[in-house]
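Chemist: Take a look and give me a structure for this.
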Amino acid sequence: MVIMLSPLTSPASLRRAVTLADHGISLLVVDCLPPDISRRDPGDPYADITWRIELLTREREIRRMREAGIAVVPWRGPGSLDVVLRDLQRHSGTRLRRSR
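Modeler: You can find the predicted model right below:
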């Protein structure tokens, strides 16, 4: 099993995760972007809208990863991974490989 830690703000993260899953590797992606992060810049009137677009794109990519059968879990401190790791262990022998 591979545990990938990423804020998932880069398309490279998505490509890497999908490549690992395509090779049949059990993968858990831990989303470590803090939920309260913002990129406010009082000097740039477009910063807020740009960051909002970035977050919407990120949400779409996370949804695609989940639809591809990749477990994505937000990091919220100790215990964040307990349930998903237990589920992955229980289903480790029954995971189907994705078709290419």
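Chemist: Straight-line length of stretch 34-41, end to end?
Modeler: End-to-end distance for stretch 34-41, by CA to CA, to the nearest Å: 18 Å.
Chemist: list the buried ones in it?
Modeler: Buried residues in stretch 34-41, counting neighbours by 16 or more other CB atoms under 10 Å, are absent. No exception for glycine: its C-beta is placed from N, CA and C like everyone else's.
Chemist: residues near Val18, how many?
Modeler: For Val18, the neighbour count with other CB atoms under 10 Å is 16.
Chemist: mind checking pLDDT for it?
Modeler: Model confidence at Val18, expressed as pLDDT, equals 87.
Chemist: Just give me the neighbour total for the closest residue to it other than its chain neighbours.
Modeler: Using CB to CB, 6 or more residues apart in numbering and skipping the chain neighbours, the partner closest in space to Val18 is Ala68 (6.2 Å). With neighbours defined by other CB under 10 Å, the count for Ala68 comes to 14.
Chemist: Quick check: Ala68 vs Leu14, distance?
Modeler: The gap separating Ala68 from Leu14 is 9 Å, by CB to CB, to the nearest Å.
Chemist: what does Leu55 give?
Modeler: Counting by CB to CB - Leu55 and Leu14 are separated by 15 Å.
Chemist: One more: Ile3?
Modeler: 16 Å.
Chemist: so which strand or helix has Ile25?
Modeler: Assigned by DSSP states H and E, Ile25 belongs to no helix or strand.
Chemist: what's the burial count for it?
Modeler: Neighbour tally, Ile25, other CB under 10 Å: 12.
Chemist: ditto for Leu27
Modeler: There are 24 residues near Leu27, going by other CB under 10 Å.
Chemist: Please name every helix or strand in contact with the longest helix anywhere in the chain.
Modeler: Longest helix in the chain by number of residues (criterion: DSSP state H): helix 47-67. If contacts are counted by 3 or more CB pairs under 8 Å, 6 or more residues apart in numbering; DSSP states H and E, helix 47-67 sits against helix 11-22, strand 71-74.
Chemist: pLDDT-wise, which helix or strand of this structure ranks last?
Modeler: The least trusted helix or strand in the chain, going by mean pLDDT, DSSP states H and E, turns out to be helix 82-91, with a mean of 75.
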